[in-house]
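J.: following is a predicted model, sequence given first.
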Amino acid sequence: MSGQAAIWREAEPVRVLSESTADWGRILFDDMNGTNTNGLRIRSVLGSGWISGFQDFDDILDVGRKIAWPDQVYGQIVVRHGDMVAFFKGLGDFHPSEIYADLVLDVDVSQPQVYVWLMSGGNGTTTFEINSLATGGTIWRDIIVGNGVTQQVRRVMSPQPFFRAGRSENSYVIAWLSFAIIVVIILNFPVLEFVRRRLRRTKRNGKEQQRR
């Protein structure tokens, strides 16, 4: 990553969906060191839950910032922390399920591309999808097909789809229209005539006092 300073902008709310027959999976909105150099981070969680497939006490959904997760490095388990949406159904539990998480993300718009990590274990197929809550449109979608071992894959995307085209432009248009309306009101208000009358009255009063 270059030395350019990050420019974080709050994106519009999104819905993260994951439909899976794997026993666990996660989408990591973070880098492996938990420092968000990937250009995405979770600002807040609006809601989350199981759409289908919740069965028993060991079905777990984790959504939030800097959640601990285990990683294997050179044969040893290390604990990392990151912004994520993750589900766990129990090892060897491949029943179909679908989860959702409504998030507000921060996006580093100084980067031409941002990325997420997709992770899944064992067998099964997991679909990850990010949709706009405002429009319902799909921002991004990808699939991991299980191959019997834990997978960690990086997926790169553009930051632009997280922002609706014209949203900021519309705000500027509204601001300028409001300013123009205020100017028109001021110009049509008889301010100058009021000032002239006051000046004439002041002069008259001054002359009358001099005569006295």
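T.: Ah, there it is.
J.: which residues of this structure score low on pLDDT?
T.: Counting by pLDDT under 70, the ranges of the chain that qualify are 1-3, 166-199, 202-212.
J.: ok, now with 80
T.: For the chain, the stretches with pLDDT under 80 are 1-4, 165-212.
J.: tally of neighbours for the nearest residue to residue 55 once chain neighbours are set aside?
T.: With C-beta to C-beta, 6 or more residues apart in numbering as the measure, residue 95 is the residue that lies nearest to residue 55, at 6.3 Å, once sequence neighbours are left out. For glycine as for every other residue, the C-beta is placed from the backbone atoms N, C-alpha and C. By the criterion of other C-beta atoms under 10 Å, residue 95 has 16 neighbours.
J.: residues contacting residue 95?
T.: Going by C-beta atoms under 8 Å, 6 or more residues apart in numbering, residue 95 touches 21, 53, 55, 89.
J.: surely residue 15 and residue 101 touch.
T.: Yes: in this structure, residue 15 sits in contact with residue 101. The criterion is C-beta atoms under 8 Å, and the distance is 7.3 Å.
J.: more neighbours, those two?
T.: The residue with more neighbours, out of residue 15 and residue 101, is residue 101; 25 against 18, by other C-beta under 10 Å.
J.: the more buried one and residue 84, how far apart?
T.: Summarising the geometry, the distance separating residue 101 from residue 84, computed by C-beta to C-beta, to the nearest Å, is 9 Å.
J.: same question for residue 33.
T.: Note on residue 33: its distance to residue 84, by C-beta to C-beta, is 14 Å.
J.: likewise residue 160?
T.: Residue 160 sits 23 Å away from residue 84, going by C-beta to C-beta.
J.: between the two, tell me which one has more neighbours.
T.: In terms of neighbours (other C-beta under 10 Å), residue 84 is the more surrounded of residue 160 and residue 84; the figures are 24 against 11.
J.: what sits opposite the more buried one in the beta ladder?
T.: With DSSP bridges as the criterion, the beta-bridge partners of residue 84 are residue 28, residue 64.
J.: ok, now how distant is it from residue 158?
T.: Noted for residue 84: a distance of 21 Å to residue 158, by C-beta to C-beta.
J.: tell me where the chain has helices.
T.: The residue ranges that make up the helices of the chain, judged by DSSP state H, are 167-188, 191-211.
J.: mind giving me the domain split of this protein?
T.: Domain assignment for the chain, taken from automatic domain parsing, gives 8-162, 167-211.
J.: need the winner for burial among the ones you listed.
T.: domain 8-162 (a mean of 17; mean count of other C-beta atoms under 10 Å).
J.: and it, end to end?
T.: Across domain 8-162, the straight-line distance between its terminal residues is 12 Å, by C-alpha to C-alpha, to the nearest Å.
J.: how far off centre is that domain?
T.: Computed by C-alpha atoms, centre = their mean, to the nearest Å, the chain-centroid distance of domain 8-162 equals 14 Å.
J.: same thing with stretch 5-20?
T.: Using C-alpha atoms, centre = their mean, the mean C-alpha position of stretch 5-20 is found 3 Å from that of the whole chain.
J.: show me the contacts for residue 86.
T.: When contacts are taken as C-beta under 8 Å, 6+ apart, residue 86 is in contact with 24, 25, 26, 27, 61, 62, 63, 67, 69.
J.: again, but for residue 49
T.: Contacts for residue 49 (C-beta under 8 Å, 6+ apart) come out as 61, 99, 100.
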